[in-house]
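[1] pasting the sequence and the predicted model now:
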Amino acid sequence: MDVHLRRETGKGCAKRLRKKGVIPAVIYGWKKESRPLEVNEEEFTKFYKNSPRNAIYKLNIEGEEIEAILKDVQRNPVTDKIIHLDFYQISPERMIQVDVPVELMGEAIGVKRGGILYQPRKYIRITAYPRNIPSSLQVDISSLDIGDTIHVMDLALPEGVKVKEKRNFTIVAILGKEEKEEEKTTEEETEE
């Protein structure tokens, strides 16, 4: 994707760029100076819509080829339009920390029996080389019954991926109904 260095910065400049269909951005990285950028909105949106969360962007900054990941996307709270991007320059030889989505697979036995699915974290922080970053961590929950849990230490991680969370951190649990709810249901059945 072709991007350009921004010669001006500030709110006025950003506003003018957005009117022209350009997203103000910045790129920074390990031992790198941050540099303001201009990104074509239409070109970026096409790539962004079809990319996984931690996609590697190949940026051509006025002839200099750089690989980067998207660290932050700022949106207008009213229109939801992208108003700013933060890229992080990566090196294939250096591990980086990223948040990877947890994707639950299957339907838990406990949920079918009336339990409640509890997922305290939708993302897990990992450390990996850029090429080893998975698009998601898939967790099969189909065998979970009421009272069962899956912790970080239970994850089958791809090669070269390390989790930065505590090993005993709960990823997903199947909770039973609260006693008050169960008592209320029993009382209603008795009255009928």
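    Perfect, I can see it now.
[2] the nearest residue to Val22 once chain neighbours are set aside: neighbour count?
    Spatial nearest neighbour of Val22, excluding adjacent residues (C-beta to C-beta, 6 or more residues apart in numbering): Glu38 at 4.9 Å. Glycine gets a C-beta too; all of them are placed from N, C-alpha and C. A count of nearby residues for Glu38, using other C-beta atoms under 10 Å, gives 20.
[3] which residues does Glu38 contact?
    Glu38 makes contacts with 3-6, 17, 22-25, as judged by C-beta atoms under 8 Å, 6 or more residues apart in numbering.
[4] mind checking which helix or strand it is in?
    Taking DSSP states H and E as the criterion, Glu38 maps to strand 32-40.
[5] and that strand, which residues are buried?
    By neighbour count with 16 or more other C-beta atoms under 10 Å, strand 32-40 contains the buried residues 35-40.
[6] report the buried members of the contacts of Glu38.
    Here, 16+ other C-beta under 10 Å leaves 3, 6, 17, 22-25 buried among the contacts of Glu38.
[7] in the chain, which strand is the longest?
    Longest strand in the chain, counting residues (DSSP state E): strand 64-75.
[8] now that one: buried residues?
    By neighbour count with 16+ other C-beta under 10 Å, strand 64-75 contains the buried residues 66-71.
[9] equivalent analysis for stretch 75-94, please.
    Those would be 82-90, for stretch 75-94 by 16+ other C-beta under 10 Å.
[10] okay, those in TSV with distance to Ile150 and pLDDT next?
    Conversion of these to TSV gives the following (distance: C-beta to C-beta, whole Å; pLDDT from 0 to 100):
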residue	distance to Ile150	pLDDT
Ile82	35	92
Ile83	38	93
His84	36	93
Leu85	34	95
Asp86	32	94
Phe87	33	93
Tyr88	30	92
Gln89	35	93
Ile90	30	91
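[11] could you list which of those residues belong to strands?
    Per DSSP E, those map to strands at 82-89.
[12] reformat those as CSV; add distance to Val100.
    Output for these, formatted as CSV (distance: C-beta to C-beta, whole Å):
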residue, distance to Val100
Ile82, 22
Ile83, 25
His84, 23
Leu85, 20
Asp86, 18
Phe87, 18
Tyr88, 15
Gln89, 20
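[13] quick check, nearest of these to Asp154?
    Tyr88 (29.8 Å; C-beta to C-beta).
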